[in-house]
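> Pasting the sequence and the predicted coordinates here, then a few questions.
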Amino acid sequence: MPTSHRLFAEAWLADLSADTPREQAFDTAQSGIEAALVRIDAALAQWRAHAEALGATGDPAHITPLLRAETDGLPQAAETADGVVHDVIRRVAFKRRELMPLFPPLFDRIRTAHGEAALHCNAARWRLMVARTLADPGGPSSPVQGYGTRYVKSDRFDARALQSLSAADRIRADRALKRLGESPIPEELDLRPLDGGLWTMKAGGRNRFILRTDADRRGALYVVEDAGLWSAAEGP
């Protein structure tokens with residue numbers, strides 16, 4: 001998000017000096033913060049459009065950049081923008097403490113805007129993951145597991161999980177997946193349908209699986225196709 005760049009114009013800082021009348025300084029600070037809030041909202045709108053456009057392409061090449069933005073780029077941008085505000089406070093507000101109440105809404109908006117941007121990344125990335133599964137489903141990579149509910153990893157799964165999950169998260173995912181074979185399926189796995197005839201369930205922590213249904217001569221089974229970071233604010 002462009003909020004990682006400077007939020008304030010240098011010119012208005014001069015009007016916040018101790019020599020500036022209180023009312024003038026307050027009005028100047030308020031107008032500068034309002035302008036910064038407008039910039040943040042404009043950046044968020046631009047980012048949302050960008051993420052939605054990437055999600056609509058169906059191109060799996062965008063999955064990794066979106067994940068990187070969601071988990072690394074946006075948190076760093078939020079930290080940088082937060083630092084910009086702290087820098088302004090250090091330069092003016094400690095000398096003019098009456099201006100301090102103006103800044104908390106800006107800190108709050110920085111956090112929420114970058115959080116919203118991450119949700120847009122998440123939604124676009126999952127849309128692409130679902131599209132990839134539908135366009136490029138894998139075959140069984142091992143014997144079918146489970147006695148009640150039957151499942152098997154696809155031959156695409158390991159490469160996709162390596163792309164999206166840390167080593168620790170892959171271990172958690174394997175532990176969660178073993179529980180899919182229980183009968184009945186544990187409610188805490190939160191198995192539920194996705195668009196396109198796919199299914200999703202918990203894969204440990206904030207991660208979830210993408211599964212599709214298939215069948216062999218013994219009957220129905222789930223094929224585990226993908227896993228990755230999931231936002232609780234997004235529904236399937």
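Okay, I see it.
> Show me the shaky parts of this protein.
The model of the chain has pLDDT under 70 over residues 1-15, 231-236.
> For it, which segments are assigned as helices?
22-57, 63-68, 74-88, 104-135, 157-164, 167-180 (DSSP state H).
> Packed most tightly, which of these would that be?
Comparing those on average neighbours per residue, with mean count of other CB atoms under 10 Å, the densest one is helix 104-135 at a mean of 20. Quick note: C-beta positions are derived from backbone N, CA and C, even for glycine.
> ok, back up a step: of all the helices of the chain, which one comes closest to R217?
Proximity to R217, assessed across the helices of the chain by CB to CB, is greatest for helix 167-180 (20.6 Å).
> residues in contact with L229?
67, 70-71, 122, 164, 206-207 (CB atoms under 8 Å, 6 or more residues apart in numbering).
> Is it correct that L74 is in contact with L119?
No: the pair L74 / L119 is not scored as a contact, 10.0 Å apart, by CB atoms under 8 Å.
> Skipping adjacent residues, who's closest to L16 in space?
V92 (4.1 Å; CB to CB, 6 or more residues apart in numbering).
> Tell me who's in contact with the closest residue to S183 other than its chain neighbours.
Distances taken as CB to CB, 6+ apart put G148 closest to S183, at 1.9 Å, once the chain neighbours are dropped. Applying CB under 8 Å, 6+ apart, we find G148 in contact with 181-185.
> rewinding a little: would TSV of the contacts of L229 with distance to V144 be doable?
Listed next are those as TSV, based on distance: CB to CB, whole Å:
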residue	distance to V144
L67	30
E70	34
T71	33
N122	31
S164	24
R206	28
N207	23
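> quick one: which of these is nearest G32?
G32 lies nearest to E70 out of these, by CB to CB, at 30.0 Å.
> For the closest one, which non-adjacent residue is closest in space?
C121 (3.9 Å).
> Hmm, A69 and that neighbour touching each other?
Yes: with contacts counted by CB under 8 Å, C121 reaches A69, the gap being 5.3 Å.
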